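K.L.:
Let's see this in three dimensions:
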Amino acid sequence: SKCVHEVVDKSLHTIRVYVYPLKEDSNSMLTNFSQQFISLYNAILSSKYYVNRIEEACIIVPIVDLLYPYPNDSQMIDLSMRYLNHLPSWNEGKNHLLINFLFNEKLQYSASAIIASASHTSDTFRTKFDIVLPAFNPFTVVVDHSIHERRTIFLTVFQSTDQNFIKQLHYLLLDSPRTLDSNLSSTIIVLDYSILSNVTYMERFAIVSESQYRQSVKKWINYSESLCSSEFCL
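P.N.:
Prediction:
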């Protein structure tokens with residue numbers, strides 16, 4: 001990366017970011033941008049790191065909107081991949097940054113582009129290279145603040161987390177003294193993947209397995225509320 005060579009022993013403000021201009025394209029799918037992408041684009045333009053000459057940049061952000069799900073996600077991703085491969089500056093993705101909130105196997109490739117994503121797994125994430133983003137959507141319903149008054153769950157983890165690690169956490173909670181804080185819950189829940197059709201982002205729920213030592217059955221739980229009710233999320 002050009003940034004690696006330029007930033008060593010220098011302050012962070014020397015990083016320069018270029019974003020391709022939003023312009024009319026012969027393919028209409030690449031001109032229908034989500035509100036999230038427009039906000040991101042404007043944030044880059046107003047940033048002190050932005051430069052208007054691609055030759056001066058060490059990070060390049062292409063005009064590919066992977067921030068919001070569309071009814072034809074697969075077609076959109078196919079078109080985006082073709083668009084990237086035809087960019088004069090692409091060079092197998094070197095120095096390019098893709099910000100992705102979608103899950104698709106075609107995005108899980110080992111090109112040289114940096115992938116900032118909310119859907120990384122242990123198989124796709126490249127340590128000290130890719131960037132992990134929180135799975136956040138500004139259009140979700142604001143959760144009732146009353147759920148923050150008492151944390152009823154100690155830890156929320158995802159099914160993709162190493163299962164041996166989860167078991168070790170269970171043992172630690174069982175063996176650790178609870179006298180320091182009697183109100184602290186020892187519950188660990190595991191969020192399993194759940195794909196429901198004909199629902200919006202705000203209506204998504206996740207299947208939850210509580211601590212295996214409590215022999216609790218799997219149940220449906222509100223995704224955002226479970227995260228907000230947890231002391232820690234992993």
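K.L.:
okay, CA-based contacts and neighbour counts for the rest of this
P.N.:
Will do.
K.L.:
low-scoring pLDDT stretches of this structure, where are they?
P.N.:
Residues of the chain meeting the criterion pLDDT under 70: 1-13, 24-31, 69-73, 103-110, 135-152, 158-161, 163, 166, 170-186, 191-224.
K.L.:
A helix includes residue 40, no?
P.N.:
Yes. With DSSP: H, G, I helix; E, B strand; the rest coil as the criterion, residue 40 is assigned to a helix.
K.L.:
quick one: it and residue 65, what's the gap?
P.N.:
Between residue 40 and residue 65 the computed distance is 10 Å (C-alpha to C-alpha, to the nearest Å).
K.L.:
and the end-to-end length of stretch 121-131?
P.N.:
Stretch 121-131 end-to-end distance (C-alpha to C-alpha) = 12 Å.
K.L.:
Residue 118 is in contact with residue 68, correct?
P.N.:
No. Here residue 68 does not reach residue 118: they are 11.6 Å apart, not a contact under C-alpha atoms under 8 Å.
K.L.:
Looking at those two, which is more packed in?
P.N.:
Higher neighbour count among residue 68 and residue 118: residue 118, with 18 against 15, using other C-alpha atoms under 10 Å.
K.L.:
That one and residue 233, how far apart?
P.N.:
14 Å.
K.L.:
wait, residue 60 sits on residue 95?
P.N.:
Yes. Taking C-alpha under 8 Å as the definition, residue 60 is a contact partner of residue 95 at 6.0 Å.
K.L.:
of those two, who's got more company?
P.N.:
Per other C-alpha under 10 Å, whichever of residue 60 and residue 95 has more neighbours is residue 60, with 24 against 20.
K.L.:
Can you name the residues that contact that one?
P.N.:
Counting by C-alpha atoms under 8 Å, 6 or more residues apart in numbering, residue 60 touches 17-20, 54, 95-97.
K.L.:
out of the residues you listed, who has the most neighbours?
P.N.:
Tallying neighbours with other C-alpha under 10 Å puts residue 17 at the head of the contacts of residue 60, with 25 neighbours.
K.L.:
any idea which of the contacts of residue 60 is closest to residue 82?
P.N.:
For the contacts of residue 60, the closest approach to residue 82 (C-alpha to C-alpha) belongs to residue 96, at 15.1 Å.
K.L.:
could you list every residue that touches the closest one?
P.N.:
Residue 96 touches 59-62, 90, 112-114, counting by C-alpha under 8 Å, 6+ apart.
K.L.:
again, only using 6 Å
P.N.:
Taking C-alpha atoms under 6 Å, 6 or more residues apart in numbering, we find residue 96 in contact with 59-61, 113.
K.L.:
repeat for residue 99
P.N.:
Here residue 99 is in contact with 116-117 (C-alpha under 6 Å, 6+ apart).
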